[in-house]
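Peer 1: pasting the sequence and the predicted coordinates here, then a few questions.
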Amino acid sequence: MSFVLGENRYGKAETHVVRITKDGPSHGIKDLTVSVALSGDMSDVHLTGDNAAVLPTDTQKNTVFAFAQKYGIETSENFAVLLAQHFVDSQPTIHHARVEVAEFGWDRIRPWAGRHGGPPKDHGHSFVRSGRETRTAVVHYDGAATRVVSGLQDLVVMNSTDSEFHGYIKDEYTTLPETRDRILATAVTARWRHGETDNADIRTADFDGSYDVARSAMLEAFAETYSLSLQQTLYAMGTRVLEECPGICEIRFALPNKHHFAVDLSPLGLANPNETFYAADRPYGLIEGTVLREGAPEAGPAWT
C-alpha cells in the first residue's frame, strides 16, 4: 500500500493588529485579525521534516505588524492584497497565499449635547466599540491572479411585519401553523466576489466605497421586500447588490432565521394580537444561497 501527500497549507492565524492613525488631535483606529495560509513546495517538510521551504509562522506574524506600520491600513482588502502578494513574490517556495481579515469597528465617543449646550463634538482620541457587524475580507494570490472576496457577518436585521409563511409541505410530522403576519429577523453573513482586476490596480481599488454601497443595498432590499419566505428576501438582497455594484460578480449569503413566536397569553386572560413574542435562539432555520451575474467567471479558489 502506498500513500501520497494531498493539498496542504500552513500559516499564522488571527494575528490581532491595531493601527492608530494620528492626525493632530483627531485619531483613527483600524482593528483587525489577520490569518495567513501559505502553500507551495511543501512536500519535504511533510515527508522528511526538512524546513528549508518553510517561512516560519512567527515571521508571518511579524510581517503583519511591519506592514501595518510601513504602509498603514487603508482597507482590510488593500492590506490583505499587500500581504498576499508579498508572501508569494518574495519567496520562491511559496506559490499561493490566502489572507483572511476580520475588521472590528470603533466609533468616536460623542458627549451628550445637552450637557454643555450647542452641538456635540467628537472626542478625537476616545472611542467605543461599534455595535455594527464585523467586516471581512479574503484574498488569494498565486503569482498571477489576485482574487478578492469582501463580506460581513452578524449584521442583525428585523422586519416587524410584511412577512408571511404558508403553502409549505405538510406531512404527519408538521405542527407549524401557517402565518400571514410574522416577524422576519436574521443575522446576515454575506460574502461578495469582486471581478478580476490588474494586480497593480487592485491595490488601490475603492473597497470602502463598494462595501458601503453593498451594505446599503442589502439593507434597503431587506426593508422593501414583502417577504413570503426568507429565500425570497435573500434573492432580493443579492440582486440589489449586483445592480448597485457593477464590480461585484457574485454574492453568497447565510441567513439564520431568528424565530419569534407569538406567546399564547390566553391562560393568563390576556389577548396577544401579534405584539408579544418569544425569541428562540435554537434550533433555527438556516437559509443559504448564491446570486451571480449570468456568465460570471468561475470563482476558482476564492471562496475557500
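Peer 2: Yes, it's here. Residues are numbered from 1 along each chain as shown.
Peer 1: quick one: contacts for the residue nearest the centre of the chain?
Peer 2: Centrality entry for the chain: nearest residue to the mean C-alpha point is Leu152, 2.4 Å, by CA atoms, centre = their mean. Going by CB atoms under 8 Å, 6 or more residues apart in numbering, Leu152 touches Glu133, Thr134, Arg135, Thr136, Val188, Thr189, Ala190, Tyr211, Arg215. In short, each C-beta sits where N, CA and C put it, glycine included.
Peer 1: ok, the fourth one to Phe207 distance?
Peer 2: This means Thr136. Going from Thr136 to Phe207 by CB to CB, to the nearest Å gives 12 Å.
Peer 1: what's the lengthiest helix in the chain packed up against?
Peer 2: In the chain, taking DSSP state H as the definition, the longest helix is helix 207-224. The contact analysis (3 or more CB pairs under 8 Å, 6 or more residues apart in numbering; DSSP states H and E) places helix 207-224 against helix 76-90, strand 146-159, strand 184-194, helix 230-244, strand 248-257.
Peer 1: in the sheet, who's paired with Gln30?
Peer 2: One thing to correct before we go on: residue 30 is Lys, not Gln. Judged by DSSP bridges, the bridge partners of Lys30 are Arg19.
Peer 1: what distance do you get for it to Ala102?
Peer 2: 12 Å.
Peer 1: one more: Ala52?
Peer 2: In terms of CB to CB, Ala52 sits 32 Å off from Ala102.
Peer 1: what's the answer for Cys249, then?
Peer 2: From Cys249 to Ala102 the distance is 23 Å (CB to CB).
Peer 1: hang on, Lys70 in a strand?
Peer 2: No. Lys70 is assigned helix when assessed by DSSP: H, G, I helix; E, B strand; the rest coil, not a strand.
Peer 1: count of neighbours near it?
Peer 2: A count of nearby residues for Lys70, using other CB atoms under 10 Å, gives 9.
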